[in-house]
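Asks: Turn this into a structure:
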Amino acid sequence: MSVAATSARVVAVRTATTVVPLPQPLRLGAMTVERREYVGVRVVAETDDGRTVAGESYALTREAPMAELVDRLVAPHVVGREVVASDGVTARESVGAAWDAALRGSAIVGRVGLVRRAIGLVDVALWDLAGRLAGRPVWSLLDDGADVSGAVRPGAAEDREASPGTVPAPRPAILVAAYPTPGRTARDVADEVLAHARVGWPLLKISRSPDRALMRDLLAILRAELPDVTGRPTVAGRSGVVVDVGFGWRDADEALADLDAWGVTGAAGQSGEGGPALAWLEDPLLPEDAVGAARVRDASGLPLSVGDEVTDPEVFARLAMLGALDVPRVDVVAIGGITVADPLVRAWAARGMVVSSHVYPEVSVHLGGAVGIGVETFDRSPAGNPYDPAPLLVRGGPVFDGGHATPPDAPGLGFTLDPDRFDLEAPS
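Replies: Below is the predicted model:
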């Protein structure tokens with residue numbers, strides 16, 4: 001529920017952690033994942049007349065001590081600060097000031113990496129708090145006065161383009177459709193992907209298997225059958241199959257050898273319409289290996305996407321400078337929160353780039369305006385999915401339909417964390 005006030009002072013930052021075992025281990029690049037651990041954050045504030053309002057966020061811990069980092073390195077710089085949300089401009093200023101205080105207060109050990117993620121967690125919760133204070137969804141606040149670069153126009157508070165209650169256009173979405181887990185054939189995995197395509201998903205992601213023969217067979221099936229199911233050809237960044245390598249290759253030589261074995265490079269890698277074999281190739285190398293990524297891009301002809309877990313915006317700048325970034329992906333928590341992510345998304349979109357998000361669709365759907373970002377999600381059926389239980393941890397969020405995601409019109413981010421999973425009532 002919204003609170004009839006436009007400012008409040010932060011009195012507490014609370015954290016809680018929950019663990020959900022996976023039904024079977026997943027191979028992600030060089031990692032094997034047997035469980036998903038999440039941290040939840042609640043920022044609690046009080047208005048001048050004594051009412052309490054709170055904002056929430058969550059993220060994968062990746063087995064790092066995220067709750068402790070928030071408690072020790074970020075919360076002390078946020079508690080006591082005032083959040084003002086009479087409109088999107090004041091919200092941006094007050095939340096941005098808290099972000100800057102947290103960054104500079106932890107700069108001796110942070111700036112990028114795990115501390116940046118901790119700052120991002122609190123920043124997302126502060127934006128949720130600001131939206132609840134204003135009685136408006138976060139996407140609406142972000143649209144207040146933001147130009148295509150994410151900067152604020154003079155006089156924007158008086159001339160805002162978005163108004164409370166306006167429902168935005170649906171954003172394009174991508175489904176993480178299948179992982180080639182042990183014991184499954186190429187046909188098994190392809191059938192899972194095609195089943196999702198039949199209900200309206202034009203952009204579907206699979207993860208890379210180290211089994212070259214399986215990948216060759218799997219991609220051959222999908223390239224032959226997916227366009228008939230979706231009614232769309234493969235278009236870079238828009239439709240077709242995405243392969244997530246998860247930083248799984250050590251260098252460009254290893255990447256190109258695998259891609260050649262898959263049959264997706266050179267003339268063999270062209271679709272029937274002359275486009276690429278894949279909608280994009282995701283995170284082929286460590287993100288900082290921009291030179292290697294550029295070589296993979298040039299030699300394979302495949303569009304590249306990088307951004308998962310990136311905490312330093314300079315990584316994106318170097319990739320773009322070397323021509324190795326066709327589809328930037330933003331992890332809203334890792335990059336430092338909404339305060340950082342939204343201007344990045346708007347700037348990329350203004351340059352005509354297709355932008356994708358990494359997980360956290362409940363937050364990412366608010367970024368960048370109506371055409372700013374493609375929202376990534378896993379299957380959100382009530383039964384859950386075997387890859388990522390995050391949809392079971394939240395209540396509310398965007399509505400997914402026909403390969404699109406529509407942001408909620410509720411105040412704030414429009415979701416709450418399941419109290420049975422995250423105990424955020426008592427101080428952490």
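Asks: can I assume residue 339 is in contact with residue 124?
Replies: No: using CB atoms under 8 Å, residue 339 makes no contact with residue 124, being 9.1 Å away. Using the backbone N, CA and C atoms, a C-beta is placed for each residue, glycine as well.
Asks: more crowded one of these two?
Replies: Under the criterion of other CB atoms under 10 Å, the comparison of residue 339 against residue 124 puts residue 124 first, with 31 against 24.
Asks: now that one, nearest residue through space, not along the chain?
Replies: residue 57 (3.7 Å; CB to CB, 6 or more residues apart in numbering).
Asks: Tell me which helix or strand residue 24 sits in.
Replies: For residue 24, the enclosing helix or strand under DSSP states H and E is strand 7-28.
Asks: If you count neighbours, what's buried in the following helix or strand past that strand?
Replies: From strand 7-28 onward toward the C-terminus, using DSSP H and E, the following helix or strand is strand 31-46. Within strand 31-46, the residues that qualify as buried are 33, 36, 38-45, counting by 16 or more other CB atoms under 10 Å.
Asks: Using CSV, write out every CA atom in strand 31-46.
Replies: Extracted C-alpha coordinates of strand 31-46, given in CSV (Å, rounded to 0.1, in the frame of the first residue of the first chain):
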residue,chain,number,x,y,z
MET,A,31,30.7,-24.1,-12.1
THR,A,32,28.3,-26.8,-10.8
VAL,A,33,25.3,-25.4,-8.9
GLU,A,34,23.5,-27.6,-6.5
ARG,A,35,21.5,-25.0,-4.6
ARG,A,36,20.4,-21.4,-4.9
GLU,A,37,21.0,-19.1,-2.0
TYR,A,38,19.3,-15.7,-1.9
VAL,A,39,19.6,-12.7,0.3
GLY,A,40,16.6,-10.4,1.1
VAL,A,41,16.9,-6.8,2.1
ARG,A,42,14.3,-4.5,3.7
VAL,A,43,14.9,-0.7,4.2
VAL,A,44,12.6,0.7,6.9
ALA,A,45,11.8,4.4,7.1
GLU,A,46,9.5,6.6,9.2
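Asks: strands paired with it, and their directions?
Replies: strand 7-28 (antiparallel), strand 52-60 (antiparallel) (DSSP bridges).
Asks: Residue ranges in this protein under the pLDDT threshold?
Replies: Where the chain drops to pLDDT under 70, the residues are 1-5, 147-167, 267-274, 427-428.
Asks: rewinding a little: what sits against the residue nearest to residue 124?
Replies: Residues near residue 57 by CB atoms under 8 Å, 6 or more residues apart in numbering: 40-41, 121-122, 124-125, 128, 333, 363, 413.
Asks: cutoff 6 Å now
Replies: For residue 57, the contact set (CB atoms under 6 Å, 6 or more residues apart in numbering) comprises 41, 121, 124-125.
Asks: same deal with residue 237?
Replies: With contacts defined as CB under 6 Å, 6+ apart, the neighbours of residue 237 are 327, 354.
Asks: Please apply the same query to residue 84.
Replies: Residue 84 neighbours (CB under 6 Å, 6+ apart): 7, 90, 94.
Asks: where's the residue nearest to residue 36 when sequence neighbours are not counted relative to residue 169, distance?
Replies: Spatial nearest neighbour of residue 36, excluding adjacent residues (CB to CB, 6+ apart): residue 20 at 5.1 Å. As judged by CB to CB, to the nearest Å, residue 20 and residue 169 stand 33 Å apart.
Asks: go on, residue 383?
Replies: Distance from residue 383 to residue 169, by CB to CB: 30 Å.
Asks: Likewise for residue 235?
Replies: 20 Å.
Asks: again with residue 257
Replies: Where residue 169 is concerned, residue 257 sits at a distance of 43 Å (CB to CB).
Asks: swap in residue 116?
Replies: Distance from residue 116 to residue 169, by CB to CB: 31 Å.
Asks: How about the residue most central in space within the chain, nearest residue that isn't a chain neighbour?
Replies: In the chain, the residue lying closest to the centroid (CA atoms, centre = their mean) is residue 358, at 2.9 Å. Nearest residue to residue 358 in three dimensions, chain neighbours excluded: residue 331, at 4.1 Å (CB to CB, 6+ apart).
Asks: ok, now which ones touch the one you found?
Replies: Residue 331 neighbours (CB under 6 Å, 6+ apart): 308-309, 358.
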